[in-house]
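> A structural model of the following input is requested.
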Amino acid sequence: MILLAGVIILILTLGLLCFSFEYYQSEGFQNLLDVEPPFVKSQNVTYNNYEKDIIVNPGVKDMTSALAVPDIFLDMDTSDSVLVTQRLIEDPTNKYTDYDNKYCRGALQPANLPRHLRGARDGCGWWYVADPSQTSTGVLGTVNGPIFRDGLVSNGQWIWDLTKAQELEEIKLCRQITMCELIDTNAVHGRCGFCPTSGYAVPVKSDGTEKYLKNPNATCGTKVIMNGSDCEALRQNARVITASDGTQCGTFGTPSDDKSLRIYSHDECANFNGVLSNDGQCRSRIGGNYSEDCADLNKPITNVCTPDVNGRLSTSCLISVAKGLGYTTSGAILRILKTSGNLTENDRVAMAQLANIGVNIPDTILSGGDIGGIGKVGGKIDINTAANLYMKIKEQMRLGIHRRIREAAKWFVVGTTNFDPCGFDNNERGPFPLLCLQQLWRVSGCQPAGDGYPRTEADTTQYNSMTWGDISAMFERNYMALQGANGAEAQDADVKKCLGIDVKRTVSPACKPALIPPPPVMLPTFYPDYNFKGAGVPLDVGNYPFTKFIKYIPNDSISSIKVPPGYVVTAYQDDIGSRSQVFTYDTPDIRTNGFDKMISALTISKHN
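Numbers count the residues shown, from 1 in each chain. The predicted model follows:
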């Protein structure tokens, strides 16, 4: 009886289980833990480390976007939610982004990053970029890669091993030094040694030996040079002078008092198998005179960086110094040097912005002492000071407190298309460049004819203690005051201040409302960058042949054009009458018209 009862209970249990399973399936329920739903590739980092998926809202296409959405969810009922939540992890947005910004991305080099704890699944790694014109950065990630990829350049390499990352960064820094004397530059002295066989520097220890012997990119094979004063001996040893009988003079001997002969000791003369006379001259056994033939060794070695009689370095020297520190021909510094110190408006604004953080660019490093240099100061500097100034600019590519500062440094060093000279944050405090204040005044709606228009550097001092946002709000209030809310008398003054128009009232304001001045005149405006960025130059109706055009706009500098309704702009490639293109509406990128950076003349007309 007991056995029969047990069998019945077993049968009932199995039946209930089968019914439950069939009901579970028929009602559309399915154990999500037995399913491997597809997910986007950028979720792999999270899945591999946490063994869980993240369910995202429709339209979220990558991991970065998913982590930025605070309300990740699916429509579900109570029974579904129990299963689904087993596949979810808590949204780590705040925790991870705060850590990423505070500890990872703010590090100047891998050595500054927090060390990885034993067994930790995530932490700071290094996004290494071998290209010397681009900067590497720390970023939050795991052994498999970064968690957040926003802002990372595409040609980078993920390095989880921070010791290895530090090695690569030190090699990258030193390898940019391709001129022996630059080994004294503050940023690399004692950290890099110049390798005479390779022509570039390698990382060294404090005793001058190579630091990374196992890395072929960081070894020299011979003794490295640690001080710029030793570079002269390097050039001396590299100099080859041959006597009349074909014997190489080497570096034997010393100069005579009048430097006309080379004086030798007995052993030095023996190296030539020569005959030494009592006056120290060494003669060849076949009739030549080594003291005469090798006298050129007494002449000082001149190089491109030997100062002239006025103590000024040549332009060629400054170009060599800049190139030796990694500057490229795409950067503004080399362009300025090659044009005898000629500066564009963007150059001046970039200089002003670097000066605001204490990085000054003096005329002494913007041209050499050649004819056509900057006054009497171009090149009036020693090579070590020049190198330190160039390096200080370059360091701001990595150290700049604002993205605009980093882009300004890139503008000078390697060139950049992302430099907006007036792209200040609202909370940044002055002083601000005159060009940017003028542009902000025009953007607010007021005109250059207005009495309040900042015309000179002296006009900018009143804004030095204000933030960019405060100045912007002040200029906008100037424009809004044209509506006359403060009365007719105040309105007249506001019109004069904003537009430069003298309002004459022939009827008493008490009898007739004051006339509201017309809206500001909108003129065709020409920009040096795409999408109407950079310092725009408005021009009125008229003809602008090449000679007149360059008084307003640098030649071949236009990349985007705003054309108000009713205007017709005809752009010419060389001068009026050459190849042309007509613009009747706003064009944010004139590459599509085949005229990018090719405009040398204009005609502007207006029709009703």
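
> CA only for contacts and neighbour counts going forward, please
Noted.

> Name the helix or strand of the protein that has the lowest mean pLDDT.
Lowest mean confidence among the helices and strands of the chain (mean pLDDT, DSSP states H and E): helix 63-67, at a mean of 43.

> quick one: residue 536 from residue 293, how far?
Distance of residue 536 to residue 293, computed by C-alpha to C-alpha, to the nearest Å: 66 Å.

> What residues does residue 419 make contact with?
404, 407, 408, 411 (C-alpha atoms under 8 Å, 6 or more residues apart in numbering).

> same question, residue 553
Per C-alpha under 8 Å, 6+ apart, neighbours of residue 553: residue 537.

> how near is it to residue 602?
From residue 553 to residue 602 the distance is 11 Å (C-alpha to C-alpha).

> Just the pLDDT for the closest residue to residue 210 other than its chain neighbours.
Leaving out its chain neighbours, the residue that sits closest to residue 210 by C-alpha to C-alpha, 6 or more residues apart in numbering is residue 204, at 4.4 Å. pLDDT recorded at residue 204 is 93.

> Flag the shaky bits of the stretch 151-300 of the chain, pLDDT-wise.
The model of the stretch 151-300 of the chain has pLDDT under 70 over residues 236-238.

> sorry, back to before: could I get the contacts of residue 419 as JSON lines with pLDDT and secondary structure?
Putting the contacts of residue 419 into JSON lines (pLDDT from 0 to 100; DSSP: H, G, I helix; E, B strand; the rest coil) gives the following:
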{"residue": "404", "pLDDT": "82", "secondary structure": "helix"}
{"residue": "407", "pLDDT": "87", "secondary structure": "helix"}
{"residue": "408", "pLDDT": "89", "secondary structure": "helix"}
{"residue": "411", "pLDDT": "92", "secondary structure": "helix"}
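
> Just put those in JSON lines and tack on distance to residue 133.
What follows is those, written out as JSON lines (distance: C-alpha to C-alpha, whole Å):
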{"residue": "404", "distance to residue 133": "16"}
{"residue": "407", "distance to residue 133": "12"}
{"residue": "408", "distance to residue 133": "13"}
{"residue": "411", "distance to residue 133": "11"}
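
> How about the contacts made by residue 288?
Counted by C-alpha under 8 Å, 6+ apart, residue 288 has contacts 244, 245.

> distance of it from residue 552?
70 Å.

> okay, the contacts of residue 419 in TSV with neighbour count next?
As requested, those are exported to TSV (neighbours: other C-alpha atoms under 10 Å):
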residue	neighbour count
404	22
407	24
408	30
411	24
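
> which one of these sits closest to residue 239?
Checking the contacts of residue 419 against residue 239 with C-alpha to C-alpha, the nearest one is residue 411 at 38.5 Å.

> Isn't the closest one up against residue 332?
Yes: taking contacts as C-alpha atoms under 8 Å, residue 411 lies within contact range of residue 332: 6.0 Å.

> ok so, going back, pick the one among the contacts of residue 419 closest to residue 367.
residue 411 (17.5 Å).

> And the closest one, how far from residue 474?
The separation that residue 411 has from residue 474, given C-alpha to C-alpha, amounts to 31 Å.

> Run through the residues that contact residue 408.
Contacts of residue 408 (C-alpha under 8 Å, 6+ apart): 350, 351, 353, 354, 397, 419, 421.

> rerun at 6 Å
With contact taken as C-alpha atoms under 6 Å, 6 or more residues apart in numbering, residue 408 is in contact with residue 350.

> ok, it to residue 421 distance?
From residue 408 to residue 421 the distance is 8 Å (C-alpha to C-alpha).

> And the helices in the stretch 101-250 of the chain, which stretches?
162-175, 231-238 (DSSP state H, counting those that start in this stretch).

> Report the buried residues of stretch 449-456.
Residues 450, 451, 452, 453, 454 are the ones in stretch 449-456 that count as buried (16 or more other C-alpha atoms under 10 Å).

> Just the CA atoms of it, as CSV, please.
What follows is stretch 449-456, C-alpha atoms only, in CSV (Å, rounded to 0.1, in the frame of the first residue of the first chain):
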residue,chain,number,x,y,z
ALA,A,449,29.8,101.5,-36.3
GLY,A,450,28.4,101.4,-32.8
ASP,A,451,30.0,103.6,-30.1
GLY,A,452,30.4,100.6,-27.9
TYR,A,453,32.3,98.5,-30.5
PRO,A,454,35.7,97.5,-29.1
ARG,A,455,38.1,99.0,-31.7
THR,A,456,41.5,99.0,-30.0
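
> can you list contacts of that stretch?
Contacts of stretch 449-456 (C-alpha under 6 Å, 6+ apart): 496, 497, 498, 499, 500.

> Spell out which helix or strand contains the third one, please.
What it means is residue 498. Assessed by DSSP states H and E, residue 498 sits inside helix 488-499.

> quick one: the following helix or strand past that helix to chain centroid distance?
The element immediately downstream of helix 488-499 (helix or strand, assigned by DSSP H and E) is strand 525-527. Relative to its chain's centre, strand 525-527 lies at 24 Å (C-alpha atoms, centre = their mean, to the nearest Å).

> helices and strands around strand 525-527, which ones?
Where contact means 3 or more C-alpha pairs under 6 Å, 6 or more residues apart in numbering; DSSP states H and E, strand 525-527 is packed against strand 537-538, strand 560-562.

> low-confidence ranges in this structure?
1-102, 236-238, 301-304, 371-376, 506-521, 608.

> End to end on stretch 322-329, go ahead and measure it.
End-to-end distance (C-alpha to C-alpha), stretch 322-329: 10 Å.

> all helices in the stretch 301-450 of the chain, in order from the N-terminus.
315-324, 332-338, 345-355, 383-399, 403-413, 434-443.

> now the second one: how far from the chain's centre is it?
To tie it back to what came earlier, the one meant is helix 332-338. 16 Å.

> Pull the contacting residues for residue 430.
464, 465, 466.

> Check the secondary structure at the second one for me.
Spelled out, it's residue 465. Following DSSP: H, G, I helix; E, B strand; the rest coil, residue 465 is assigned to coil.

> Which residue comes closest to it once chain neighbours are left out?
Nearest non-adjacent residue to residue 465 (C-alpha to C-alpha, 6+ apart): residue 430, at 5.8 Å.

> tell me the contacts of the spatially most central residue of the chain?
The centroid of the chain falls nearest to residue 410 when counting by C-alpha atoms, centre = their mean (3.2 Å). Taking C-alpha under 6 Å, 6+ apart, we find residue 410 in contact with residue 397.

> rewinding a little: export the contacts of stretch 449-456 as a markdown table, with columns for neighbour count and distance to residue 385.
What follows is the contacts of stretch 449-456, written out as a markdown table (neighbours: other C-alpha atoms under 10 Å; distance: C-alpha to C-alpha, whole Å):
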| residue | neighbour count | distance to residue 385 |
| --- | --- | --- |
| 496 | 18 | 50 |
| 497 | 22 | 47 |
| 498 | 29 | 47 |
| 499 | 26 | 48 |
| 500 | 18 | 48 |
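
> of those, closest to residue 191?
residue 498 (56.9 Å).

> got the contact list for the closest one?
With C-alpha under 6 Å, 6+ apart, residue 498 has these contacts: 446, 450.

> With residue 435 as the reference, measure out to it.
17 Å.

> Identify each buried residue in stretch 190-205, please.
190, 191, 192, 193, 194, 195, 196, 200, 201, 202, 203, 204.

> With stretch 143-159 instead?
So, applying 16+ other C-alpha under 10 Å, buried residues of stretch 143-159: 143, 144, 145, 146, 147, 148, 149, 152, 156, 158, 159.

> ok, and the closest non-adjacent residue to the fifth one?
Meaning residue 147. The nearest residue in space to residue 147 (C-alpha to C-alpha, 6+ apart) is residue 141, at 4.7 Å.
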